[in-house]
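>>> heads up, no residue letters with this:
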């Protein structure tokens with residue numbers, strides 16, 4: 001279904017038709033995968049493709065919500081962004097985490113270092129070359145029945161080398177977000193899943209959102225779980241207990257509309273103050289060309305992908321997920337883009353579609 005206000009130009013309508021045709025070609029080319037889930041919502045038009053009602057696993061796009069939860073606790077005075085994590089966590093959580101010479105993780109790593117991926121801690125999900133963990137992207141397919149607790153995930157990180165000194169180097173690491181989840185639990189005195197519901201899901205009106213792969217909630221039998229399938233390589237993992245490794249790093253399952261509800265609440269000031277929204281959104285480091293990292297957020301700069309062709313496009317703020325999920329807000333245009341392409345190997349395809357959408361937003365005249 002597509003909703004377009006009266007007065008929209010013929011050229012814009014044709015561009016939307018071409019977008020739908022492109023998505024239909026993608027779906028035909030990959031018949032073994034579900035059609036992409038696409039939702040674009042602006043004040044003047046709306047576009048959807050695929051199963052709009054089906055909840056999907058956000059993967060790391062869920063870091064947006066973990067970061068928002070942390071900001072709500074900062075606003076409530078539970079801690080500060082510059083609080084050292086050793087003052088917020090039990091010694092067992094911090095003990096023996098990898099550190100370069102002269103660094104005390106509990107004293108020198110702050111909440112903001114975790115949010116901005118500058119803690120110097122390694123990533124158990126994508127460990128450095130020459131190292132392996134049982135909680136890596138590859139191992140999730142091998143050890144499908146493994147249920148991961150935060151303590152188990154931190155143990156996996158303990159076997160890896162440190163990345164650097166806190167604050168000196170950007171290094172994307174799910175270890176940081178496990179620690180943020182634990183900080184939230186200790187500061188607010190409740191399970192992470194309940195805190196996410198109380199401080200993010202319910203205030204946003206995300207009635208169909210959940211964290212079903214949380215180690216404390218995951219059922220023995222996942223056959224009845226309502227979630228769109230997703231793949232790492234050739235392995236479909238929506239019924240694998242090992243997905244519990246995502247925890248505070250992105251364990252959110254929701255339909256596309258709920259992700260839009262979240263973004264509206266976040267950027268509309270219903271979850272945290274505009275000052276703290278800006279703190280999360282402000283880019284600090286380059287993740288990859290065209291992708292810049294803030295504090296639990298990514299900003300897309302399309303002009304860095306193809307400078308001559310894409311220069312001048314709006315720069316949305318949101319986050320990407322490992323199996324080609326996108327949750328982004330175009331602040332200047334009051335537009336929302338939510339994508340799920342179901343598989344890590346479709347990330348390039350998802351970017352091609354998002355770029356097409358960005359150009360469509362720019363050319364529509366009055367988005």
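Noted; the coordinates are in hand. Just so we're clear, the structure is a prediction, and the values are computed from it rather than from any experiment.
>>> remind me which residues of the protein are low pLDDT?
Applying pLDDT under 70 to the predicted model, the residue ranges of the chain that meet it are 1-8, 365-367.
>>> center of it - which residue?
residue 61 (1.4 Å; CA atoms, centre = their mean).
>>> can I assume that residue sits in a helix?
Yes. Under the criterion used here (DSSP: H, G, I helix; E, B strand; the rest coil), residue 61 sits inside a helix.
>>> Spit out the contact partners of it.
Contacts were defined as CB atoms under 8 Å, 6 or more residues apart in numbering; by that measure residue 61 touches 250, 252, 259, 318, 319, 320, 321, 325, 326, 327. Placement of C-beta: from N, CA and C, glycine included.
>>> distance of it from residue 189?
Applying CB to CB, to the nearest Å, one obtains 27 Å for the distance of residue 61 from residue 189.
>>> domain assignment for this protein?
Under the assignment named as automatic domain parsing, the residue ranges that make up the domains of the chain are 2-57+250-363, 60-201.
>>> Which of the ones you listed sits closest to residue 225?
For the domains of the chain, the distance to residue 225 is smallest for domain 2-57+250-363, at 8.2 Å, taking CB to CB.
>>> all helices for the stretch 1-150 of the chain, in order.
With helices called from DSSP state H, counting those that start in this stretch, the stretch 1-150 of the chain shows them at 10-29, 63-75, 91-94, 105-108, 111-115, 137-142, 150-158.
>>> which one is residue 90 nearest to, not counting chain neighbours?
Nearest-residue entry for residue 90: residue 186, 7.2 Å, with adjacent residues in sequence omitted and distances by CB to CB, 6 or more residues apart in numbering.
>>> give the contact list for the spatially closest residue to residue 230 that is not a sequence neighbour.
Spatial nearest neighbour of residue 230, chain neighbours left out: residue 323 (4.3 Å); criterion: CB to CB, 6+ apart. By CB under 8 Å, 6+ apart, the contact set of residue 323 is 57, 59, 230, 231, 232, 340, 341, 342, 343, 344, 346.
>>> bridging residues for the fifth one?
Listed beta-bridge partners, residue 232: residue 235 (assigned using DSSP bridges).
>>> That one and residue 84, how far apart?
Taking CB to CB as the criterion, residue 232 is separated from residue 84 by 35 Å.
>>> Which one (most neighbours) among the contacts of residue 61?
residue 252 (34 neighbours; other CB atoms under 10 Å).
>>> right, and it touches residue 55 too?
No. Contact status for residue 252 versus residue 55: not in contact, 9.3 Å apart, counting by CB atoms under 8 Å.
>>> who touches both of the two?
Counting by CB under 8 Å, 6+ apart, the common neighbours of residue 252 and residue 55 are 209, 210.
>>> Spatially nearest residue to residue 217 (excluding sequence neighbours)?
On the basis of CB to CB, 6+ apart, the spatially nearest residue to residue 217 that is not a chain neighbour turns out to be residue 193, at 6.0 Å.
>>> Moving C-terminal from whichever strand or helix holds the one you found, which element do we reach first?
In the assignment (DSSP states H and E), residue 193 maps to helix 192-196. Remark: after helix 192-196, the chain's next helix or strand is helix 202-204, criterion DSSP H and E.
>>> in that following helix, what's buried?
If you call a residue buried by 16 or more other CB atoms under 10 Å, then helix 202-204 has these buried ones: 203, 204.
>>> Packing partners of it?
helix 256-267 (3 or more CB pairs under 8 Å, 6 or more residues apart in numbering; DSSP states H and E).
>>> Quick one: residues in contact with the next helix or strand along the chain from the helix it packs on.
Going down the chain from helix 256-267, the next helix or strand is helix 274-281, by DSSP H and E. Residues lying outside helix 274-281 but in contact with it, judged by CB under 8 Å, 6+ apart, are 67-68, 71, 74-75, 81, 115, 266-267, 269, 272, 294-297, 299, 317.
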